[in-house]
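Novice: below: sequence and its predicted model.
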Protein chains: 2
Amino acid sequence: MPRAVREQQMLDAAVRTFARRGYRNASMDDIAELAGVSKPLVYLYLNSKDELFAACVRREAAALVAAIRAAVEHDAPADRRLWSGLHGFFAHTAEHPDGWTLLHVQARTHGDPFALEVAAMRVEIVEFVTHLLAVAARESACGPARARRMTGGEASGLAHALVGAAESLAEWASDPAGGGPSAEEAAATLMNFAWAGLGNLLRGERWSPGEHARG
Amino acid sequence: MPRAVREQQMLDAAVRTFARRGYRNASMDDIAELAGVSKPLVYLYLNSKDELFAACVRREAAALVAAIRAAVEHDAPADRRLWSGLHGFFAHTAEHPDGWTLLHVQARTHGDPFALEVAAMRVEIVEFVTHLLAVAARESACGPARARRMTGGEASGLAHALVGAAESLAEWASDPAGGGPSAEEAAATLMNFAWAGLGNLLRGERWSPGEHARG
């Protein structure tokens, strides 16, 4: 079996073990057994438990970012672009629950340098979303809204809100105790929550504390 | 000095130290010195580093939940209720950055039982927000929307999204590297993001993948 294939099998086993038991309680014996290889071979390929963990974090982070980027339908209207990106995020985290737990819980829990690596991935996603929003705002602005363009800071704030909302829903969806939404439901919930609000913002409309409820 | 007052001083010093150095790197010597008391007195009052940490988490979680509950203007229209609650959350986390870091980063990082305590606080906040949304939906539903009431599951999903968005913005606002929004800006960003979207949902309007952008 080629080295690259065997290495992926070890990483698969390690992601699953780290996600379910945490860094400290995961043993190299368990990982080797789950991967169907000897423990010395795991050490030969991946050096140490720390480096194995780091390789898992990097692989899962790259896979998540790639899944979101690939899912976005760049030529579609702004709402479809958002929908396709959200769908990509929730579908990927639902298909890879252990990878998601590794990134969202274990890597942050295990402290630096892993937490820093996850933070860097998160910055990349927030910047990607900020860019999508800025493009959408340029396309949507018309009439009086042109005078009131969305600033970079506003787009960044909205991207932080959207990413945080997505993480929260993905965490709920992946709750092992159950009761959370499916990936499809989570994506639909967030799209419904976000779109009408973003849609108005992209057209330059604002809510202000002085106005009263329209409902 | 009464015991209760002295104990609060110790907790103030401990929250600050745990938040800035993390559980492992925080020493009881530092905490005692910062509180202006002897180390034996800290142990006499709070038993152990673990119990001291637990007391900090409980105090900060209770204070955050109380601040949000107190901020909500229950007799105001739905959008003002949301605005006042968001404002309470961002004002409290901005005024107590160490308390927020303790809850959002350190307690989750330090694992159970502290992570469980923070998770329980989060459930309480999500349920509170779910309740607010369900009440607002009942008030807002009219005309054809009556036939399409917001379900408990939908309100819960929206509450998860809203809480996650708020956490993400608070994390950005409290970034020691700076560049994030002020509490006021964070609250305004989230309100603008959320309200028009929620406002439509509360009236029974939905976004669906089949429709095109209105922008």
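Specialist: Okay, I see it. Residues are numbered from 1 along each chain as shown, chains lettered A, B, ... in the order given.

Novice: and A:Thr109, what does it touch?
Specialist: For A:Thr109, the contact set (CB atoms under 8 Å, 6 or more residues apart in numbering or on different chains) comprises A:22-23, B:108-109, B:111, B:115. (C-beta placed from N, C-alpha, C; glycine too.)

Novice: repeat the analysis, applying 6 Å as the threshold.
Specialist: The contact partners of A:Thr109, taken as CB atoms under 6 Å, 6 or more residues apart in numbering or on different chains, are B:Thr109.

Novice: quick check: the gap between it and A:Asp30.
Specialist: Going from A:Thr109 to A:Asp30 by CB to CB, to the nearest Å gives 19 Å.

Novice: likewise A:Ala63?
Specialist: In terms of CB to CB, A:Ala63 sits 23 Å off from A:Asp30.

Novice: who's more crowded, the two?
Specialist: Using other CB atoms under 10 Å in any protein chain shown as the criterion, A:Ala63 and A:Asp30 rank with A:Asp30 on top: 17 against 14.

Novice: report the buried residues of the strand or helix carrying the more buried one.
Specialist: Per DSSP states H and E: A:Asp30 is located in helix A:28-35. Neighbour counts over helix A:28-35 (16 or more other CB atoms under 10 Å in any protein chain shown) mark A:28, A:30-32, A:35 as buried.

Novice: could you list every helix and strand that it packs against?
Specialist: helix A:3-25, helix A:39-46 (3 or more CB pairs under 6 Å, 6 or more residues apart in numbering or on different chains; DSSP states H and E).

Novice: which one of those lies closest to chain B?
Specialist: Closest to chain B of the helices and strands packed on helix A:28-35, according to CB to the nearest CB: helix A:3-25, at 7.3 Å.

Novice: touching chain B at all, that closest one?
Specialist: No. Figure legend: helix A:3-25 not in contact with chain B (CB under 6 Å from any CB of the partner chain); closest approach 7.3 Å.

Novice: and that helix with helix A:28-35, angle?
Specialist: Taking axes from the mean of the first three to the mean of the last three CA atoms, to 10 degrees, one finds that helix A:3-25 is oriented at 140 degrees with respect to helix A:28-35.

Novice: nearest to chain B among the buried residues of helix A:28-35?
Specialist: Using CB to the nearest CB, A:Asp30 comes nearest to chain B of the buried residues of helix A:28-35, at 19.1 Å.

Novice: quick check: the gap between the closest one and A:Val129.
Specialist: 37 Å.

Novice: ok, now A:Ala107?
Specialist: 21 Å.

Novice: relative to helix B:152-173, how tilted is the helix or strand hosting A:Ala165?
Specialist: Assigned by DSSP H and E, A:Ala165 falls within helix A:152-173. If you take the same axes, to 10 degrees, helix A:152-173 sits at 130 degrees to helix B:152-173.

Novice: with only the CA atoms kept, save helix A:152-173 in PDB.
Specialist: Extracted C-alpha coordinates of helix A:152-173, given in PDB (Å, rounded to 0.1, in the frame of the first residue of the first chain):
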ATOM      1  CA  GLY A 152     -15.400  47.200   4.900                       C
ATOM      2  CA  GLY A 153     -15.900  47.300   8.700                       C
ATOM      3  CA  GLU A 154     -19.600  46.700   8.300                       C
ATOM      4  CA  ALA A 155     -19.000  43.800   6.000                       C
ATOM      5  CA  SER A 156     -16.500  42.300   8.400                       C
ATOM      6  CA  GLY A 157     -18.900  42.700  11.300                       C
ATOM      7  CA  LEU A 158     -21.700  40.900   9.400                       C
ATOM      8  CA  ALA A 159     -19.200  38.200   8.400                       C
ATOM      9  CA  HIS A 160     -18.300  37.600  12.000                       C
ATOM     10  CA  ALA A 161     -22.000  37.400  12.900                       C
ATOM     11  CA  LEU A 162     -22.700  35.000  10.100                       C
ATOM     12  CA  VAL A 163     -19.800  32.700  10.900                       C
ATOM     13  CA  GLY A 164     -20.600  32.700  14.600                       C
ATOM     14  CA  ALA A 165     -24.200  31.800  13.800                       C
ATOM     15  CA  ALA A 166     -23.100  29.000  11.500                       C
ATOM     16  CA  GLU A 167     -20.700  27.600  14.100                       C
ATOM     17  CA  SER A 168     -23.500  27.600  16.800                       C
ATOM     18  CA  LEU A 169     -25.900  25.800  14.500                       C
ATOM     19  CA  ALA A 170     -23.300  23.300  13.500                       C
ATOM     20  CA  GLU A 171     -22.500  22.600  17.100                       C
ATOM     21  CA  TRP A 172     -26.200  22.100  17.800                       C
ATOM     22  CA  ALA A 173     -26.600  19.900  14.800                       C
END
